[in-house]
Every structure is written in C-alpha cells, then in structure tokens.
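Participant: A structural model of the following input is requested.
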Amino acid sequence: ASIKEEDLASSLGAPEAAPVCTVTTRQAWKVGDVCIARWAEDRVWYNGEILEMGEVGCLVRFSDYGNEDTVRDDDMVREVGDIPSDNDIDECVGTEATQPEDNPVP
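Facilitator: As a prediction, the model looks like this:
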C-alpha cells in the first residue's frame with residue numbers, strides 16, 4: 001500500500017504524531033548522548049549533552065558553558081558535518097568539552 005502525499009503531510013504536521021527527541025534519519029536520542037545543539041537565543045551551534053527527554057524537545061546542557069535549555073530535535077546533530085554550512089558554529093565545537101566557565105554565556 002502506498003502513502004498518499006496529503007496523508008503524509010497531515011501526519012508530519014501534527015506535533016503529537018512526531019516522536020520526541022528523535023532524528024528523522026535513523027537514531028533516537030537518549031539521556032547521556034553527546035550532541036551538538038543550536039541554542040535558541042543566538043542560533044549558534046554548541047557542544048552539548050542530553051540531560052532529559054521532554055515532550056517538546058530534549059533538555060541539553062551546553063558543555064562548554066554550563067547552561068541548559070530545551071532544544072528541539074531538529075536543532076541537534078551528532079557531528080559537525082551535519083550542521084548546515086551557512087550556520088554559525090561556536091569555536092569549541094569539534095574540540096574536547098571543557099569545564100563550564102564562571103560566567104556561562106553562549
């Protein structure tokens with residue numbers, strides 16, 4: 001049986017139909033996974049670690065700065081190469097995570 005385009009569009013558009021914290025390309029995220037996540041305030045990608053799974057995204061600790069935020073699954077990737085080329089990337093991405101600074105600010 002084939003899926004009609006309108007059925008696919010309606011199922012993708014319904015937030016409750018989308019799985020929580022999964023990437024559409026294969027693998028689900030889980031607590032403890034290391035990721036690169038885009039912070040909503042400045043739209044820059046930072047090193048992160050998933051702390052909790054939530055209804056609207058994952059709670060991520062930005063490793064290099066120590067702050068936390070809920071990040072949508074489409075704003076999380078596993079590798080630097082998965083970040084769109086026209087996006088801003090923090091200078092620490094691709095390096096070992098460091099201890100949070102005294103004044104965390106991404």
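Participant: heading C-terminal from the lowest-mean-pLDDT helix or strand in the chain, find the next helix or strand.
Facilitator: Within the chain, confidence by mean pLDDT, DSSP states H and E is lowest for helix 5-13 among all helices and strands, at a mean of 44. Sequence order places strand 34-38 as the next helix or strand after helix 5-13, per DSSP states H and E.
Participant: residues in contact with that following strand?
Facilitator: Where contact means Cβ atoms under 8 Å, 6 or more residues apart in numbering, the residues beyond strand 34-38 that reach it are 29, 44-50, 60, 62-63, 71, 75-80, 82-83, 87, 89, 93, 97. The way it works is simple: take the backbone N, C-alpha and C, and place the C-beta from them, glycine included.
Participant: partner strands of that strand, with direction?
Facilitator: Using DSSP bridges, strand 34-38 pairs in its sheet with strand 44-53 (antiparallel), strand 76-77 (antiparallel).
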